[in-house]
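What follows is a predicted structure for the sequence shown.
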Amino acid sequence: MRDLQNPDVLAFLVPHIATVPGPERRIETHLTSVDQIEELTGLDFLTNLPDHVQAQIESVVAAQPW
């Protein structure tokens with residue numbers, strides 16, 4: 001069962017550029033925080049969560065994608 005008060009969140013910021021095979025093509029190199037995505041887009045994600053839960057999980061960059 002998932003813990004809805006402490007969900008796992010993955011946020012990725014992937015540039016839209018041509019690349020060649022290398023580490024920049026590994027998805028985990030693009031992990032970022034939800035806060036960073038919100039700052040760049042002006043959007044507010046996870047609004048159905050309590051504010052203290054949002055603040056806690058949106059500031060974290062996941063250590064690994066899964």
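All right, it came through fine. Keep in mind it's a predicted model, so treat the numbers as computed, not measured.

List the contacts of the lowest-mean-pLDDT helix or strand in the chain.
Here the helix or strand of the chain ranked lowest by mean pLDDT, DSSP states H and E is helix 51-58, holding a mean of 91. With contact meaning C-beta atoms under 8 Å, 6 or more residues apart in numbering, helix 51-58 is reached by Gln5, Asn6, Pro7, Val9, Ser33, Val34, Asp35, Glu38, Phe45, Leu46, Thr47, Leu49. Where you see a C-beta, it was placed from the backbone N, CA and C, and this is true even at glycine.

just how off-centre is stretch 15-27 within its chain?
The chain centre lies 18 Å from the centre of stretch 15-27; the measure is C-alpha atoms, centre = their mean, to the nearest Å.

mind checking the end-to-end distance for it?
11 Å (C-alpha to C-alpha, to the nearest Å).

what's the answer for stretch 53-66, then?
20 Å.

who wins for neighbours among the contacts of helix 51-58?
Neighbour counts for the contacts of helix 51-58 (other C-beta atoms under 10 Å) peak at Val34, which has 20 neighbours.

can you tell me which residues contact it?
Counting by C-beta under 8 Å, 6+ apart, Val34 touches Val9, Ala11, Phe45, Leu46, Ile57, Glu58, Ser59.

what would those look like in TSV with distance to Thr29?
Shown next, in TSV, are those (distance: C-beta to C-beta, whole Å):
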residue	distance to Thr29
Val9	18
Ala11	13
Phe45	22
Leu46	24
Ile57	21
Glu58	20
Ser59	20
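
Helices along this structure, start to end?
34-41, 51-58 (DSSP state H).
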